[in-house]
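1. coords below, sequence missing:
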DNA sequence: AGCTCATGTGAACGACCTTTACATGAGCCG
DNA sequence: CGGCTCATGTAAAGGTCGTTCACATGAGCT
């Protein structure tokens, strides 16, 4: 019954020592379980073994805790996108696709963060630190787009990198939101979200003039058939980025 | 203080007469104001001038009301997409772009519905009627994609229509969620969400092999420079769907 | 006229968010 | 070492919500 609380208290004394962190962790777990909407401040406090009022010493209110989690999420998001981009190695297009996959992987593997970041209703511009973190994450995509834009084959016009970045972001976010999340809006699909996004991005890049050859979405990823950073090939390849023509 | 309630009662008698509808309307207004998360069952009841327990005669719980609104939203969504598609008139590509714009317009003009449909955490598969409505809406996009896929120029492989539909949906949803909503995740953009999506779709279609000429996003929309349904032109046009090359 | 049942009321319960006054004890200063 | 201070925690209380229950009302049928 209540010996639990006593014991907890006995274990750690009157002061918790690391409550802020414990609350963040507890909240993260709760959000992963029940979504940002179902997460409750009181529950996080309970889970940390403190009274319901204690969290207010560390967060102005429930929203600030949520906002903190979102910020942390954007930081990890940036780290993962950054690692995936790997400064464009081994070649820009390969790295670019890896970023898209990293986006989906993050949405899938860190549902709590993703939820807090994009689906919790936290206004990004409420917290300057949050906004900054969000911007840093986007800047990875932006930088990648910049490099990609510089590679447009001669003869084709160069698209604005910012626009490309926004396009890629919207595709990734659209696929992740609609098809790649755990509980909510899952639909039956003829292909995996990863394949769906990969095909989408490849078709898009082809529309920009990049000579993209078909890639059956899972083959050996390494050997770039073109000398890296030197676009070759004719305009329109016979195959497409999707499985089989016809 | 409380004469208000008395007067309400005097006006309409003990029975409301149309409470279900009144609740739906009230909830819609509240969601538009404060989002699906901030909307409260009690508030809706107050707004309709009834006690807090009355709504339970019409909805099992708060979630069912939300789900009903989402369903209604999908119905209106379908109607608008359907009208925009207009069975592919005057030509398939024009109609297709109109569907994309209708998607954004709906997200912008009916934030309450959009919120309930996509951001409220209502599981689509909870309510069969909701799921059916959602599917009907998607089928508009699917049908349009089907027609478009049938138009792929000779020599280019034909993409699966379902995949195209999912791609278009994810682009539209991504742009709408990230950039085209009222309060939440608004970012500064170099172009309007409409232009962003239009360019995205055009580039994508070009990637599929459609001969898309540049369209400065706002010119006279009517005259199709190609005989309708007879793709012409060379492979790669000199301009792009974005503003200016270079 | 009388019955019935859908529809609405008020009271009550438990959970949550948040504030306030008070308690505790860790760290510092003499 | 003794005492002070202030960050950190607690209990209690007020307000709102969601939800249920027993009871009230009256619209519509017989």
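-> Thanks, I have it. Source: prediction; values computed, not measured. Numbering: from 1, shown residues only, chains lettered A, B, ... in the order given.

2. buried residues in the longest helix belonging to chain A, which are they?
-> Using DSSP state H, we find that the single longest helix of chain A is helix A:62-85. Neighbour-count burial for helix A:62-85, counted by 16 or more other Cβ atoms under 10 Å in any protein chain shown, picks out A:62-75, A:77-78, A:80-82, A:84-85. C-beta: built from backbone N, CA, C; applies to glycine.

3. near DNA strand C at all, that helix?
-> Yes. Contact of helix A:62-85 with DNA strand C (Cβ under 7 Å from any atom of the strand) involves A:62-63.

4. tell me where chain A has helices.
-> Going by DSSP H, chain A shows helices at A:3-12, A:19-38, A:41-48, A:62-85, A:92-109, A:111-114, A:128-149, A:161-179, A:193-207.

5. domain parsing for chain A?
-> A:1-59, A:63-236 (automatic domain parsing).

6. now the shortest one, how far from the centre of its chain.
-> With Cα atoms, centre = their mean, to the nearest Å as the basis, domain A:1-59 stands 27 Å off its chain's centre.

7. so for that domain, mean pLDDT?
-> Mean per-residue pLDDT for domain A:1-59: 85.

8. next, see if that domain gets close to chain B.
-> Yes. For domain A:1-59, a contact with chain B is found by Cβ under 8 Å from any Cβ of the partner chain, at A:35, A:37.

9. middle-most residue in chain A, spatially?
-> residue A:103 (4.0 Å; Cα atoms, centre = their mean).

10. who's in contact with that residue?
-> By Cβ atoms under 8 Å, 6 or more residues apart in numbering or on different chains, the residues touching residue A:103 are A:81, A:172-173, A:176, A:197.

11. need the pLDDT of the residue lying closest to residue A:75 once chain neighbours are set aside.
-> Leaving out its chain neighbours, the residue that sits closest to residue A:75 by Cβ to Cβ, 6 or more residues apart in numbering or on different chains is residue A:133, at 5.4 Å. Residue A:133 is assigned 96 on the pLDDT scale.

12. show me where pLDDT drops low in chain A?
-> Within chain A, the stretches with pLDDT under 70 are A:1-11, A:182-187, A:213-246.

13. get me the contact residues on it for DNA strand D.
-> So chain A meets DNA strand D at A:9, A:14-17, A:19, A:50-54, A:57-58 (Cβ under 7 Å from any atom of the strand).

14. looking at the residues you listed, state which has the most neighbours.
-> residue A:50 (21 neighbours; other Cβ atoms under 10 Å in any protein chain shown).

15. what about that one, distance to residue A:12?
-> 9 Å (Cβ to Cβ, to the nearest Å).

16. also residue A:180?
-> 39 Å.

17. between these two, which one's more packed in?
-> A side-by-side neighbour count of residue A:180 and residue A:12, using other Cβ under 10 Å, places residue A:180 first with 26 against 15.

18. which one of the domains of chain A is the most hemmed in?
-> domain A:63-236 (a mean of 19; mean count of other Cβ atoms under 10 Å in any protein chain shown).
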